[in-house]
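Engineer: What shape does this take:
(chains A and B)
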Amino acid sequence: MKDILVADRVSKRFRRNPDRYATLKELLIRRLRAKRVADEWFWALKDVSFRLQRGCSIGIIGHNGAGKSTLLRLLCGLGRPTTGNIQCMAGVGSLLELGGGFQPELSGRENLMTAGILSGLRKKQVEALQEDIVAFAELEAFIDQPVRTYSSGMYLRLAFASAIRMNHDILVIDEVLAVGDHRFQTKCIDQLKEFRRAGKTLVLTSHDLEQVRSLCDEVIVLEEGAIAYRGDPENAVHYYHELMRQRTEKRAAETSSAEGLPHEPSETRQGERLGTFEAAMEQVLLLTDTNERAATWKTGDRLTVDIHYRRLPNVQDVAILLGIYTETNVKCFETALPSARDLFGPLSETGILRCVLSGLWLHPGRYYVNLGFYPTDWSYTYDYHWQMHPFWIVSDEPVDRFQSVSGPLAVHPLWSRL
Amino acid sequence: MTPPALPSLSERSSFDSMLPNSSKLLYSIDLILHLSRRNFLLRYRGSLLGVLWSLLVPFSQLLVLVFVFGKVLPLQIEGYPAFVFTALLPWNWFSYCLSSAGALFIGNRDLMRIPTFDPMILVVVDVLVNLTLFILFLPILLLILLLYDRPFTPVIVTLPVILSIQAMLVIGFSLIVATCNVFYRDVQYIVSVGLMLLFYLTPVFYAVKNLDHSYQWMFYLNPMAVLIDSYRSILYWGYPPPWIHLAAVGAVSLLLLWAAQRFYRKRLPDMIDLL
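Structural biologist: Residues are numbered from 1 along each chain as shown, chains lettered A, B, ... in the order given. Okay, the predicted model is just below:
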């Protein structure tokens, strides 16, 4: 099949200090002082090449600053590669920043028209598509209101709907599927799958590796601007995890030699613990309804997790992951808190964070609470507790002799004949 | 190792060029009209007097000038309000465009980031929107000319020629200002000071021919002075415009537009990186 998107040895260089000479005045002053600041450049992308065939979808993963966004922007034609070139044989739609170009004062309809025309459609074509887009975004009642009155969910729905419904052959999506309510998110994913079935091409980045896995035929792992790995999603995700672990270890070695750690001068792993401990969970308590420590819970009971943490002064914010896993490491549930500071306000240096899980609808067995503290860009790990906090679920229900159940979820199947 | 430099093919318009020319033109018209409409809507949304505001400004300017140079320092020009107003409208077109030019690129970051969008469109739209204001004023201007008994002659049909020359001039200047302002944010302040000074050096509220001959050459170097002289010739005096000077300004404007466009194209990738 024919290639639809070709990147040939693409490199991109940026100035590290871009606000140098922001005004003519400063330019003059610096010239007069005759002190020339050496240009500091860094390569955001190094020699990236790939070919994408029509109908293939590609995911790009990598930690923050690995060059994902730069690459996507270049693919969309925003800016030129410093060397190398990009060839694109079809119209590209992009969702780089949701709602970029929306004017808060104008109505949804006006903004839709702007987005449509800017994406290369004639006015008539946009008018023809308009109702469909509005219906997809479920905004029929609000489309003539100014966008500034929209809730953030409505805003995102409009932006997503307008990007995906404009009939481009290639859609470039940067990190936007993690937004909106769950139902709409599912709708968007379905729409993207539909888009792929229609033989169109998707290029996307996401922090949600599950999404990348389900939407892409191929995944590129970027590391410091270069392609570190390219292959099927499964292996790429493994590779990415491995990369992230290496980064964490490196970082841990650096910080522990740089400054006295608050406790436990650990190289890297401590049994089942991993991280740099710049923000550390010193003690994790699993509590019952009556706030007592326990080792067993009944199906449906409430579980309270208290995290006693300590952070270094330079750590202003942490992202928190809290999940329940079976013994065989099957995820039963996980919650990710992208910013503790947003939720709790500025964090004291030591303190206790509490998470209450109102009902453990799990089958009897041994489970673990796995917890992680991360920098807010999730680029490495402050502290991760893997299988360190076990608990048991017990049940006093009689064993059902007619059926056997498996899987972690306790839903009490009840059969009857009507 | 630095990869070897290859000729880059990823210009913004790599896809556009595949469209036939006619539909590309129609598309551009749609785009420009829509953006102008949007610009208008935004400008007057939420203001009580709406479009009246832009009517009030020239009228108050006119009143002040008429008071100062009619009563305080009388210039003894016949039909002075009509004389001033013929020059004030084109001057305002020029000065509104240039004073808003600096913000065009840096203030529309989200549009600049749209792959297929050519930011130069923003300049064209801005010039057109301000031209529309000018045209909205034309009936009022004609009314004032009638009130003061100015002669109407067929030379008035040359108005579109003068308007087009001014449009080229304004687009050229605006493009340069908008581009420079992305790199040096104080360009727009320098421009606004320059505009203020140029207002006094352009015969808006006075007439060049009353001036000592040894200074008159100065005005031939100022394209706005020549343009305003032309507007005045056809509207206020009923004479044909000073063709030779006008042609020279036309040539200069064309050259400026070409140079501005080259400059802009050259800096465009840098601008997009910077924004």
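
Engineer: Quick check: the residue of the stretch 151-300 of chain A nearest chain B.
Structural biologist: A:V172 (8.7 Å; CB to the nearest CB). Placement of C-beta: from N, CA and C, glycine included.

Engineer: In terms of pLDDT, where does that residue sit?
Structural biologist: If you check A:V172, the pLDDT there is 85.

Engineer: And A:E267, by the same measure?
Structural biologist: So A:E267 comes in at 34 (pLDDT).

Engineer: and what of A:I324?
Structural biologist: For A:I324, the pLDDT comes out at 92.

Engineer: For it, give me its contacts.
Structural biologist: With contact taken as CB atoms under 8 Å, 6 or more residues apart in numbering or on different chains, A:I324 is in contact with A:331-334, A:357, A:360, A:362, A:367-370.

Engineer: ok so, going back, is it correct that the residue of the stretch 151-300 of chain A closest to chain B falls within a strand?
Structural biologist: Yes - counting by DSSP: H, G, I helix; E, B strand; the rest coil, A:V172 is part of a strand.

Engineer: Spell out which residues sit in contact with it, please.
Structural biologist: The contact partners of A:V172, by CB under 8 Å, 6+ apart, come to A:72, A:75-76, A:92-96, A:203-204.

Engineer: Look at residue 246 and give its secondary structure.
Structural biologist: Answering for chain A, as no chain was given. Assignment for A:Q246 (three-state DSSP): helix.

Engineer: Quick one: the helices in the chain, in order.
Structural biologist: Just going to use chain A. For chain A, the helices defined by DSSP state H cover A:24-33, A:68-75, A:108-118, A:123-137, A:152-164, A:182-197, A:209-215, A:233-258, A:340-344.

Engineer: that's the other chain; I wanted chain B
Structural biologist: Using DSSP H, helices in chain B cover B:21-44, B:52-67, B:80-106, B:109-112, B:120-147, B:159-183, B:187-201, B:213-220, B:223-232, B:243-274.

Engineer: and A:F50, which of those is closest to it?
Structural biologist: Closest to A:F50 of the helices of chain B, according to CB to CB: helix B:243-274, at 21.9 Å.

Engineer: residues from the stretch 51-200 of chain A in reach of chain B?
Structural biologist: Residues of the stretch 51-200 of chain A lying close to chain B (CB under 8 Å from any CB of the partner chain) are A:73-74, A:76-81, A:83-88, A:90-92, A:94, A:96-97, A:100-103, A:105-106, A:110, A:113-114, A:117-120, A:122-123.

Engineer: Look up how far B:R232 lies from the residue of the stretch 151-300 of chain A closest to chain B.
Structural biologist: 54 Å (CB to CB, to the nearest Å).

Engineer: Equivalent analysis for A:E218, please.
Structural biologist: 68 Å.

Engineer: Those two: which has the busier surroundings?
Structural biologist: When neighbours are counted by other CB atoms under 10 Å in any protein chain shown, A:E218 and B:R232 differ, and B:R232 comes out ahead with 21 against 17.

Engineer: Could you report the distance from the closest residue in space to A:I320 that isn't next to it in sequence to A:F277?
Structural biologist: Nearest residue to A:I320, sequence neighbours excluded (CB to CB, 6 or more residues apart in numbering or on different chains): A:L337, at 4.2 Å. Applying CB to CB, the value for A:L337 to A:F277 is 19 Å.

Engineer: Tell me which of those two has more neighbours.
Structural biologist: Between A:L337 and A:F277, A:F277 has the larger neighbour count (other CB under 10 Å), namely 26 against 17.

Engineer: Please look at the more buried one and A:Y384 and confirm they touch.
Structural biologist: No - between A:F277 and A:Y384 there is no contact under CB atoms under 8 Å: 10.3 Å.

Engineer: For the residue nearest to A:I320, give me its contacts.
Structural biologist: A:319-322, A:343.

Engineer: Any figure for the gap between it and B:A247?
Structural biologist: Going from A:L337 to B:A247 by CB to CB gives 70 Å.

Engineer: What of A:A163?
Structural biologist: 49 Å.

Engineer: Among these two, which residue is more densely surrounded?
Structural biologist: A:A163 (23 against 13).

Engineer: Grab the nearest non-local neighbour of that one.
Structural biologist: A:L95 (4.5 Å).

Engineer: Could you find the closest non-adjacent residue to B:G250?
Structural biologist: B:I165 is the one closest to B:G250 (CB to CB, 6+ apart), at 4.7 Å.

Engineer: confidence score at that neighbour?
Structural biologist: At B:I165, pLDDT is 95.

Engineer: Based on its surroundings, how many neighbours for the closest residue to B:L227 other than its chain neighbours?
Structural biologist: Nearest non-adjacent residue to B:L227, counting by CB to CB, 6+ apart: B:Q166, 5.3 Å away. For B:Q166, the neighbour count with other CB under 10 Å is 26.

Engineer: What of the one 5 residues further on?
Structural biologist: The burial count assigned to B:I171 is 23, neighbours taken as other CB under 10 Å.

Engineer: Identify the residues contacting the closest residue to it other than its chain neighbours.
Structural biologist: Using CB to CB, 6+ apart and skipping the chain neighbours, the partner closest in space to B:I171 is B:V127 (5.3 Å). Applying CB under 8 Å, 6+ apart to B:V127 gives the contacts B:97, B:167, B:170-171, B:174.

Engineer: Same check on B:L33?
Structural biologist: A:K123.

Engineer: Could you do A:M89 as well?
Structural biologist: Contacts of A:M89 (CB under 8 Å, 6+ apart): A:2-5.
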